[in-house]
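Q: Please find the sequence and the predicted model below.
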Amino acid sequence: MKFVFSAQEAILERVLKEIELNIDEARAGAVQDAADLAVREGRANIAAAGFPARWRAALKSRFYPNKGGDPAALVFDTIPFAGVFERGITIKGRPLLWLPLERNLPAGIHSPRQYGGKLVSVNVAGKPPLLFDAGKRELGPLFVGVSQVNIRKRLDLYAIFARAAGRMTEFYEQRIKG
């Protein structure tokens, strides 16, 4: 048996270009789908860890179609120290790290340098040192001194991003069939 295929070259070229365009659109859509999933699940992870809404909103993605090349997406956090909660870290003082006691401080003050009043240190054997306002000790301690603070791992964004990237084939297949 013999099959013969005959077509006008212009029609064949148009069909091939259409197929190529559909493939390119499916590739780009799959990348966008993976980035959207990474952001959505990442924000859910941030919420589950107890961070406020502005932390969730800080996780973003940017899509790069790269005409003629491979499409790409970048998922990033606009809070510069957010990675600390992905890995966990120990922060050491030099010699002490002064932690604010928020309930006793005016809004917006987070360190002894920011505080405008004169501070006095109160040391009790076996307890961490405390900083009080020299003129208003009745306010209670403003800062407590510690040698180090351990911040535990609270987020699992890298694993979420890897799972989203691992679903690229699935997203591509959904797009190419549609």
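A: That came through, no problem. As the structure is a prediction and not an experimental result, all values here were calculated from the model.

Q: what's the longest helix in this structure?
A: Ranked by residue count under DSSP state H, the longest helix found in the chain is helix 9-48.

Q: Please spell out which residues along whatever helix or strand comes next after that helix are buried.
A: Stepping forward along the backbone from helix 9-48, the first helix or strand reached (DSSP states H and E) is helix 53-57. For helix 53-57, burial by neighbour count (16 or more other Cβ atoms under 10 Å) applies to W55. In short, each C-beta sits where N, CA and C put it, glycine included.

Q: Please apply the same query to stretch 163-178.
A: A164, F171, Y172, R175.

Q: where's that stretch relative to the chain centroid, distance-wise?
A: From the chain centre to the centre of stretch 163-178 is a distance of 23 Å (Cα atoms, centre = their mean, to the nearest Å).

Q: OK, contacts around the closest residue to L130 other than its chain neighbours?
A: Spatially, and ignoring its direct neighbours in sequence, L130 is nearest to P141 (3.9 Å; Cβ to Cβ, 6 or more residues apart in numbering). Neighbour list for P141: L101, N104, V122, L130, L131, F132 [criterion: Cβ atoms under 8 Å, 6 or more residues apart in numbering].

Q: what about 7 Å?
A: Going by Cβ atoms under 7 Å, 6 or more residues apart in numbering, P141 touches L101, N104, L130, L131, F132.

Q: same deal with L101?
A: P141, L142, F143, V144.

Q: same deal with V75?
A: Counting by Cβ under 7 Å, 6+ apart, V75 has contacts A35, A38, V39, S61, F161.

Q: what's across from the residue nearest the centre of the chain in the sheet?
A: Here the mean C-alpha position of the chain is nearest to the C-alpha of D77 (Cα atoms, centre = their mean), at a distance of 3.7 Å. Legend: beta-bridge partners of D77 under DSSP bridges are L59.

Q: From what I see, it and L59 are in contact.
A: Yes: using Cβ atoms under 7 Å, D77 is in contact with L59, at 5.3 Å.
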